[in-house]
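1. sharing a sequence plus its predicted fold:
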Amino acid sequence: MLNRALLLCALCAFILTGCGSVGKLSIENRHQSVSDIALRGGFVQDNIQTTPFILRGYKRFDNPQSKEAVLYIEGDGLAWLSRSRPSLDPTPTDPVAFRLASFDRSDNVFYLARPCQYEKWIYKKACPMKYWTSHRFDRVVLDSYLQALDSIKRESGIEAFHVVGFSGGGGVAALLAARRDDILSLRTIAGNIDHDALNEHHNVTLMPKSLNPADYLSDLRDIPQIHYSGGQDKVVPPFLARNFIRDLQPSNCASQVIIDYASHEDGWTSAWNGYHADIPKCSE
């Protein structure tokens, strides 16, 4: 049984998805995990209706006078069970981005899951499987987040965002930064910011229907940004951020931080305690 569990996690890693212990795979446990984090971190659930998705959201809104917020975007979750077998529900076994958001003591913190995560089965018809596999960075997905940020601004009075994305959420965060003029900074954590290069590295199918942040370098050069990589990460190796920053040149706004002991999912909680307050800035 142990060997089968380890094999499952290894296969999940190949196709860029989170994988916890076998016990974590139950829908009930996955939903309970995010509820526990919300309770401990003082977050209130705030789902956002977009077209066509309902995005699971949480917020901790402590300072109505501030016009800025930090927005965390979740990773791909349990998108696949093996290289050829998609999951029926992409809800994360370990919501890494939300765990990191819970350590952020900024005045206003928002969290958004990815499409189809934490959805009830009655809504699944609005969440075809392609939106957590081949089309997870599709224009429909990006438009959903554009709507969500507009909704947050209307409801809260927020005027601008510092966006933080974990894994595939880093790709979404980068695409948002490329498209909007209200993104003050971008941070990715083990971020999939060039899925063409990463999928070629892993020898898995490319995603021609998905937008790729690496195609929007000219729109990202002047965005203050830090890309955090795990030195032990075999899923999104550090070379991805390194090459992304190289291709951004000329730019004085991007840097990479490598956390030597971090893998794709492990090690970030302790690391983020020391880094969450470091807001990216362009150098002189």
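-> Looks like it arrived, so ask away. All values reported here derive from a predicted model rather than from experimental measurement.
2. nearest residue to the most centrally placed residue in the chain in space, ignoring adjacent ones along the chain?
-> In the chain, the centroid-proximal residue (Cα atoms, centre = their mean) is residue 169; its distance is 2.0 Å. Of all residues not flanking residue 169 in the chain, residue 73 sits nearest, at 3.6 Å (Cβ to Cβ, 6 or more residues apart in numbering). In this view, the C-beta of every residue, glycine as well, is placed from N, C-alpha and C.
3. quick check: mean pLDDT across the stretch of helix or strand the residue nearest to the centre of the chain belongs to?
-> Residue 169 is part of helix 168-179, with elements assigned from DSSP states H and E. If you average the pLDDT over helix 168-179, you get 98.
4. how close does residue 201 sit to residue 240?
-> In this structure, residue 201 and residue 240 are 8 Å apart, going by Cβ to Cβ, to the nearest Å.
5. out of these two, which sits in the more crowded spot?
-> Neighbours per residue (other Cβ atoms under 10 Å) separate residue 201 from residue 240, with residue 240 holding more: 25 against 13.
6. confirm the more buried one sits in a strand?
-> No - applying DSSP: H, G, I helix; E, B strand; the rest coil, one finds residue 240 to be helix, outside a strand.
7. residues contacting it?
-> Contacts for residue 240 (Cβ atoms under 8 Å, 6 or more residues apart in numbering) come out as 191, 192, 193, 194, 197, 198, 201, 229.
8. is it true that the second one touches residue 236?
-> Yes - with the criterion set as Cβ atoms under 8 Å, residue 192 and residue 236 qualify as a contacting pair; they are 5.7 Å apart.
9. show me the shaky parts of the chain.
-> Within the chain, the segments meeting pLDDT under 70 span 1-24, 121-123.
10. one more time with 80
-> Within the chain, the segments meeting pLDDT under 80 span 1-25, 83-84, 120-126, 284.
11. just give me the longest helix of it.
-> In the chain, taking DSSP state H as the definition, the longest helix is helix 139-156.
12. all the strands of the stretch 51-200 of the chain, residue numbers only.
-> Counting by DSSP state E, counting those that start in this stretch, one finds strands in the stretch 51-200 of the chain at the ranges 54-55, 57-61, 68-73, 80-82, 85-86, 108-112, 160-166, 183-189.
13. for the third one, name the packing helices and strands.
-> The contact analysis (3 or more Cβ pairs under 8 Å, 6 or more residues apart in numbering; DSSP states H and E) places strand 68-73 against helix 96-101, strand 108-112, helix 139-156, strand 160-166, helix 168-179.
14. who wins for proximity to residue 252 among the ones you listed?
-> Among the helices and strands packed on strand 68-73, the nearest to residue 252 by Cβ to Cβ is helix 168-179 (16.3 Å).
15. list the helices and strands the closest one packs on?
-> By 3+ Cβ pairs under 8 Å, 6+ apart, helix 168-179 packs against strand 68-73, helix 139-156, strand 160-166, strand 183-189, helix 217-220.
16. just send those back as JSON lines, with mean neighbour count and distance to residue 245 too.
-> Putting the helices and strands packed on helix 168-179 into JSON lines (neighbours: other Cβ atoms under 10 Å; distance: least, Cβ to Cβ, whole Å) gives the following:
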{"stretch": "strand 68-73", "mean neighbour count": "25", "distance to residue 245": "20"}
{"stretch": "helix 139-156", "mean neighbour count": "18", "distance to residue 245": "22"}
{"stretch": "strand 160-166", "mean neighbour count": "26", "distance to residue 245": "16"}
{"stretch": "strand 183-189", "mean neighbour count": "25", "distance to residue 245": "11"}
{"stretch": "helix 217-220", "mean neighbour count": "16", "distance to residue 245": "10"}
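17. just put those in TSV and tack on distance to residue 31.
-> Shown next, in TSV, are these (distance: least, Cβ to Cβ, whole Å):
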stretch	distance to residue 31
strand 68-73	18
helix 139-156	20
strand 160-166	19
strand 183-189	23
helix 217-220	35
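18. of the ones you listed, which is nearest residue 281?
-> Short answer: strand 183-189, nearest of those by Cβ to Cβ, at 7.8 Å.
19. contacts for the closest one, please.
-> Against strand 183-189 from outside (Cβ under 8 Å, 6+ apart): 68, 96-97, 100, 160-167, 170-171, 173-174, 176-177, 220, 223-228, 241, 268, 272, 279-281.
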